[in-house]
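>>> Pasting a predicted model and its sequence here:
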Amino acid sequence: MLTELFHLLGDSPRERDRAWTFLRSGAVTVLPIADDDLPDLEDLMKRYEDRPMDFADATLVLLARRESLSTIFTIDHDDFETYRIQGTSKFRIVPARRSR
């Protein structure tokens, strides 16, 4: 999520400062990935290797499963419309895909 946020902000120092203020406000919790999670991350990346799933996407899917979350903040709609939370459940993606 944070990767997507800072990517969307671009090179604006003002917007980056505002994002850091928001993060420090406690409105967002940054969840850890531990060494124990590596086998599950590897399994996810292998399961979706036809996409292919990168490490950042794998961590988001793993955390969503672990924390029972179904909403994902990403601009990567193509991949996250494919990924599943518990094998069958789709993600709710924010922001919504723009009309083409």
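Done, it's in.
>>> What separation is there between E49 and D43?
As defined by C-beta to C-beta, to the nearest Å, E49 lies at a distance of 11 Å from D43. (Each C-beta comes from the backbone N, C-alpha and C, glycine too.)
>>> ok, these two, which is more surrounded?
Legend: neighbour count by other C-beta atoms under 10 Å for E49 and D43, higher for D43 (12 against 9).
>>> any idea which element the more buried one lies in?
helix 38-47 (DSSP states H and E).
>>> List the contacts of that helix.
33, 52-55, 58-59, 61-62 (C-beta atoms under 8 Å, 6 or more residues apart in numbering).
>>> let's see 7 Å
53, 55, 58-59, 61-62 (C-beta atoms under 7 Å, 6 or more residues apart in numbering).
>>> Next, format those residues as CSV and append neighbour count and secondary structure.
Below are the contacts of helix 38-47 laid out as CSV (neighbours: other C-beta atoms under 10 Å; DSSP: H, G, I helix; E, B strand; the rest coil):
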residue, neighbour count, secondary structure
M53, 20, coil
F55, 12, helix
A58, 22, helix
T59, 18, helix
V61, 23, helix
L62, 18, helix
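>>> TSV for the residues you listed, including distance to V94 and pLDDT?
What follows is the contacts of helix 38-47, written out as TSV (distance: C-beta to C-beta, whole Å; pLDDT from 0 to 100):
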residue	distance to V94	pLDDT
M53	20	91
F55	21	90
A58	19	93
T59	17	92
V61	15	93
L62	19	94
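>>> Which single one of those is nearest to A27?
Distance to A27, by C-beta to C-beta, is smallest for T59 among the contacts of helix 38-47, at 20.2 Å.
>>> Domain-wise, how is the protein divided?
For the chain, automatic domain parsing gives the domain ranges 1-30, 32-100.
>>> how about the helices in the chain?
Using DSSP state H, the helices of the chain run over 2-9, 13-24, 38-47, 55-67, 77-80.
>>> Just tell me which of those helices ends up closest to Q86.
Proximity to Q86 (C-beta to C-beta) singles out helix 55-67 among those, at 6.4 Å.
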